[in-house]
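> Whatever this is, show me its structure:
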Amino acid sequence: MKKLIGILLLLAVPLAGVASGHAHLDSANIDLNNKEALHKGAKYFVNYCMGCHSLQYERWERMAKDIGLTKEQVMDNLVFTGAKFGETMKNAMPAEDAAKWFGTAPPDLSLIVRSKKGGPDWLYTYLRSFYLDPSRPFGVNNHVFKDVGMPHVLWELQGLQKARFRTEKDAEGHEHEVFEGFELVQPGSMSPEEYDAMVRDLTTFLAYVSEPVKLKRQHLGVWVILFLVVFTVLAYLMKKEYWKDVH
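Predicted structure coming up:
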């Protein structure tokens, strides 16, 4: 019951500090029907995110069935914690230890896409918006999520970039910084195009996890609308038949 209440609260109330602010969000342009993207996204999540973040509302078995993987493929290539196939996708880091090491335990990402204003576009832009900032504990900041406490764990793939700002004055004469863009100062192992494609795959996977039944719901919705259209026509014809003698 407590878990159910927690899920409902996450769906109803945005998490504190998750708004995208005034940052422009790039279109993720994801396709939940793309099984290859889902497979790659699952791989990237396990290799780069699951050390700190879990997916406590998603089961390995459910994920495998939905995105088209066998039990052997999952257990041999994605499960490194000794978890069983029917268990949820939790990591091996105790929350108490994580809070001691990082100040707060890294959040579960099961509903990350649904909890953010902007959905997959938010996550896609966020993972591409880390920039060097010596004033921050991990030496990086994020244009979408200012002063985020998360390090840039994908920096070896993307490389390191700095943000360019210009100073402008508003109508009242107050100065403020305007973001102009990023400049790559240290290339990563991937080209910018390859990194963007990788982030899109990861975003696709986390969008699926946030709502595993979305495609089925949309498919069913089409048939419901068709039924209502046909029923409306039949109801109208029946109404005319019943009332023809009255008029």
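
> so where do the strands sit in this structure?
Ranges of strands in the chain, per DSSP state E, are 55-59, 88-89, 130-132, 140-142, 159-169, 175-187.

> Listing partners with orientation, what would you give for the shortest one?
Going back to what we said before, that points to strand 88-89. Using DSSP bridges, the strands paired with strand 88-89 in its sheet are strand 55-59 (antiparallel).

> Now the strand it pairs with: average pLDDT?
Regarding strand 55-59, the rounded mean pLDDT is 93.

> Output that strand in PDB, but only the C-alpha positions, please.
C-alpha atoms of strand 55-59 as PDB (Å, rounded to 0.1, in the frame of the first residue of the first chain):
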ATOM      1  CA  LEU A  55      14.200   1.200 -11.500                       C
ATOM      2  CA  GLN A  56      12.300  -0.200  -8.500                       C
ATOM      3  CA  TYR A  57       9.000  -0.300 -10.300                       C
ATOM      4  CA  GLU A  58      10.200  -2.300 -13.300                       C
ATOM      5  CA  ARG A  59      11.000  -6.000 -13.300                       C
END
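
> what does that strand rub up against?
Residues outside strand 55-59 that contact it (C-beta atoms under 8 Å, 6 or more residues apart in numbering) are 7, 45, 86-90, 108-111, 209, 212. The way it works is simple: take the backbone N, C-alpha and C, and place the C-beta from them, glycine included.

> Selecting buried members of these in PyMOL, what would you type?
Those of the contacts of strand 55-59 that count as buried under 16 or more other C-beta atoms under 10 Å are selected in PyMOL with:
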select buried, resi 45+88+89+108+109+110+111+209+212
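
> ok, the contacts of strand 55-59 vs Ala171, which is closest?
Closest approach between the contacts of strand 55-59 and Ala171, by C-beta to C-beta: Leu111, at 40.3 Å.

> Read off the pLDDT value for that closest one.
93.

> I figured it hits Leu206, correct?
No: under the criterion of C-beta atoms under 8 Å, Leu111 makes no contact with Leu206, lying 9.4 Å away.

> residue ranges with poor pLDDT in the protein?
Within the chain, the stretches with pLDDT under 70 are 1-21, 247.

> domains of it?
Domain segmentation of the chain under automatic domain parsing yields 2-212, 223-247.
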